[in-house]
Structure formats: structure tokens, C-alpha cells
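# Show me the folded form of this:
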Amino acid sequence: MPDAEFGSAERTDDGWSPRNPTVTRRLRVLPRSYWLLLAIFVVLQVADVLTTNSALAIAGNWEANPIMASYQAQWGAAWWLPKAAGVGWICVVGPLVRRWWPMILAVSYSFVVVAGNIAAL
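Numbers count the residues shown, from 1 in each chain. Now for the predicted structure:
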């Protein structure tokens with residue numbers, strides 16, 4: 001008889017079975033659409049660095065993000081390295097979280113930032 005706490009003793013839709021402890025929930029494969037969203041996020045981050053550099057080359061433009069502005073003042077042309085570290089961290093942790101809304105929010109925000117940079121060109 002199935003356990004009431006776990007529902008059916010058969011495999012559930014995420015591949016986890018209470019009778020098979022060797023299969024863990026962490027090993028669930030994410031759909032391709034999530035990986036596409038992650039790839040779009042990385043491309044938008046690269047586009048952000050490139051469009052930010054182009055926009056800052058024009059007189060009268062400045063960095064609106066105070067954290068990135070301080071990195072630009074301290075690191076000079078390599079200001080994007082801390083940003084790359086943060087993006088790498090998101091690429092590692094994002095799939096472990098297995099939630100869609102944080103990645104959708106990050107992609108949407110990045111799109112708005114890149115669009116603002118392009119508008120400043």
C-alpha cells in the first residue's frame with residue numbers, strides 16, 4: 001500500500017521515487033528551454049559589457065549602477081571581471097535552484113539594461 005505522505009510509490013513526474021533512495025531530486029534534468037534562458041542571460045551580459053563600453057566612450061554618459069561605477073574607477077578597463085564572476089556564479093547556482101522566475105527576472109532586467117545602453121548610443 002502506498003505511503004500517504006509520499007502519494008504513489010511509483011515514480012513521480014520529477015523522476016524521484018521514495019522506494020529508490022539512490023535517485024535524488026538533485027539529478028532531475030532541466031528542460032532545454034531553461035538552458036536556452038541561461039544562454040540568453042549570458043549573451044545579454046556580454047552585450048551589456050560591450051554596449052556599456054561603447055556608451056561610456058561618448059561624452060556625457062555615465063554608469064548608472066554605483067557598484068559597477070566603483071569597479072570601473074578601481075579596475076579600469078578590466079571592470080567587467082567582477083561582473084563575469086557574478087555571471088559565472090549565477091550560471092552555476094541557477095540550475096541548482098530549479099526555479100524559473102529568478103532566471104526570467106534576470107533575463108528581463110538584463111534586456112532592459114542593454115536596451116538602455118543602446119538608446120544611449
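
# need the contact list for residue 61.
Counting by CB atoms under 8 Å, 6 or more residues apart in numbering, residue 61 touches 55, 120. For every residue, glycine as well, the C-beta is placed using N, CA and C.

# Give me the secondary structure label for it.
In the three-state summary, residue 61 is assigned as coil, counting by DSSP: H, G, I helix; E, B strand; the rest coil.

# Phi and psi next, for it.
Backbone torsions for residue 61, taken as degrees, to the nearest 10, come to phi -90, psi 150.

# What distance do you get for it to residue 79?
Distance from residue 61 to residue 79, counting by CB to CB, to the nearest Å: 15 Å.

# do the same with residue 100
Counting by CB to CB, the separation of residue 100 from residue 79 is 30 Å.

# pretty sure residue 117 contacts residue 56?
No. At 9.3 Å, residue 117 does not count as touching residue 56 under the criterion of CB atoms under 8 Å.
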